[in-house]
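In: Need coordinates for the below:
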Amino acid sequence: MKKIKALALALVLILSLAVVLISCDTKGTESTSSDASAAVSETSEAESEQIEAAEFNYDDYLAAYTKTSELKEFNVDTDMTIALSVDDEDMNIAISGNVLYDNTSDNVTAFADLTMIMLGVEIASPVYYADGYAYQETSGVKMKSQIPFEEAVTATIKLDEIAKTEYTDVTGEVIDGITYYTLTMDTSALTEDEIASMTSMLEMFAGGVLSDINFTEASTVIGIKDGYVVDQKMSVAFTAISEDSIDETSTVQTEVSVSTVASLAYNNPGEEVTITPPENLNEYIDIAD
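Out: Residues are numbered from 1 along each chain as shown. Just a heads-up that it's a prediction; the model follows:
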C-alpha cells in the first residue's frame, strides 16, 4: 500500500513542479556566461552542435514563465529522484515517465505513465487522476487514493512569492537554439513563508509536519525556446525535524534529510492534450477503506 501511495504522491509532486514557475528579481546579481550545459542532461550536451554564450535577459525569462504558466494543458516527460533519510535510515526513490495534464475544465485531470524504483522494487503502472482521486492498476489490482491535488498546487504556486529573492549566481548559454539559464538561490534569504511553500509537497514523502527546516541547496535550470519554458530542472535539499502524531496528546520527532532533483521536458507546449480515462473506474478500491 505504501508503494502505491508513494507513486500517487509522486504524480502529485511532478504535476505541482510542472505548474510551478518561479520568477526572480536579479537586481544586484551578476549575470555571467559560463558552462550552463553541465546542468542540463548529458544527452542534450552530447547531441549539441551549436553552443554559444548568452547574457541573462530578465524580460525574456519572465515572459517565458508567464506564457508557460498560462498553459491549461501540457505534455511533460519527467525524471525525478528523491533521497530521503529518516533517523539515519536511507530511502531512494526514482521516478521517470510521461505526464499529461488538463485543467481546461473545473475537473483537473491527468494521466501518468510512470515507472518508480523504491526499496529495490520497480513499479511500472499508469496513474489516472480525476475528481481528487488517483487511480492505479498494478498486477491486476485496481486501487484508488484520495490526493488533495488542487490544495497542493495552490500551496506550491506560492513559490511565485520568491520573486523578491535574489540569486547568488546566474549563468546563461544557448545550446542548439534553446537558451538555458542556471539560477542558484540564496537559501539564507528565504523567509518562513517561502520555506513553507517549498516544503508543502515534500512533507508527504517525509511522513509528517516539518519544522526546524534548513535549506542547503535550491537551484533551477530552465530552457527557453519560442517563448516557452521547454526544459526545467530543479534541485532542492534540506534538513528538518518531522513531527508525527501518535495520539491526540503526543507526537514523535524524527530527523529528516531530503534531497530532490526533478527534470521536466515540455513536449509541444501550447498544443491540445487528450486524456482518455481507464474503463470501469467504479471497480477501483479505495485504499483508505
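In: what about Met143, neighbour count?
Out: Neighbour count for Met143, taken as other C-beta atoms under 10 Å: 17. All C-beta atoms are positioned from the backbone trio N, CA, C, and that covers glycine.
In: same check, this time on Tyr228
Out: Neighbours of Tyr228 using other C-beta under 10 Å come to 19.
In: OK, contacts around it?
Out: 64, 67-68, 266, 269-270 (C-beta atoms under 8 Å, 6 or more residues apart in numbering).
In: Show me how to select, in PyMOL, the buried members of these.
Out: Restricted to buried positions by 16 or more other C-beta atoms under 10 Å, the PyMOL selection for the contacts of Tyr228 reads:
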select buried, resi 64+67+68+266+269
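In: In strands only, show me the contacts of Tyr228.
Out: By the criterion of DSSP state E, membership of the contacts of Tyr228 in strands covers Tyr266.
In: and the contacts of Tyr228 as TSV, adding pLDDT and distance to Gln253?
Out: Output for those, formatted as TSV (pLDDT from 0 to 100; distance: C-beta to C-beta, whole Å):
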residue	pLDDT	distance to Gln253
Ala64	85	42
Lys67	86	44
Thr68	84	39
Tyr266	90	40
Pro269	91	43
Gly270	90	47
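In: between the contacts of Tyr228, which is closest to Ile123?
Out: Proximity of those to Ile123, judged by C-beta to C-beta, is greatest for Tyr266, which lies at 25.0 Å.
In: and that closest one, what does it touch?
Out: 68, 74-76, 228-232.
In: tell me which of the residues you listed is nearest to Ser188?
Out: Gln232 (23.9 Å).
In: where do the helices sit along the stretch 151-289 of the chain?
Out: Remark: helices assigned in the stretch 151-289 of the chain by DSSP state H, counting those that start in this stretch are 192-199, 202-206.
In: Worst mean pLDDT among those?
Out: In terms of mean pLDDT, the lowest-scoring of these is helix 202-206 (a mean of 57).
In: Please enumerate the strands of the stretch 101-250 of the chain.
Out: Taking DSSP state E, counting those that start in this stretch as the test, the strands found in the stretch 101-250 of the chain are 109-118, 121-130, 133-138, 141-146, 167-175, 178-185, 209-225, 228-245.
In: between these, which one is nearest to Ile51?
Out: strand 167-175 (5.4 Å).
In: residues of the closest one that come out buried?
Out: 167, 170-175.
In: Which elements pack onto that strand?
Out: Packing contacts for strand 167-175, counted by 3 or more C-beta pairs under 8 Å, 6 or more residues apart in numbering; DSSP states H and E, involve strand 31-32, strand 51-53, strand 178-185.
In: in its sheet, what does it sit against?
Out: Strand 167-175 has the following sheet partners, assigned by DSSP bridges: strand 31-32 (parallel), strand 51-53 (antiparallel), strand 178-185 (antiparallel).
In: Make CSV from the ones you listed and add distance to Ser257 to it.
Out: Shown next, in CSV, are those (distance: least, C-beta to C-beta, whole Å):
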stretch, distance to Ser257
strand 31-32, 31
strand 51-53, 36
strand 178-185, 19
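In: most neighbours per residue, which of those strands?
Out: strand 178-185 (a mean of 22; mean count of other C-beta atoms under 10 Å).
In: pLDDT of that one, averaged?
Out: The model assigns strand 178-185 a mean pLDDT of 87.
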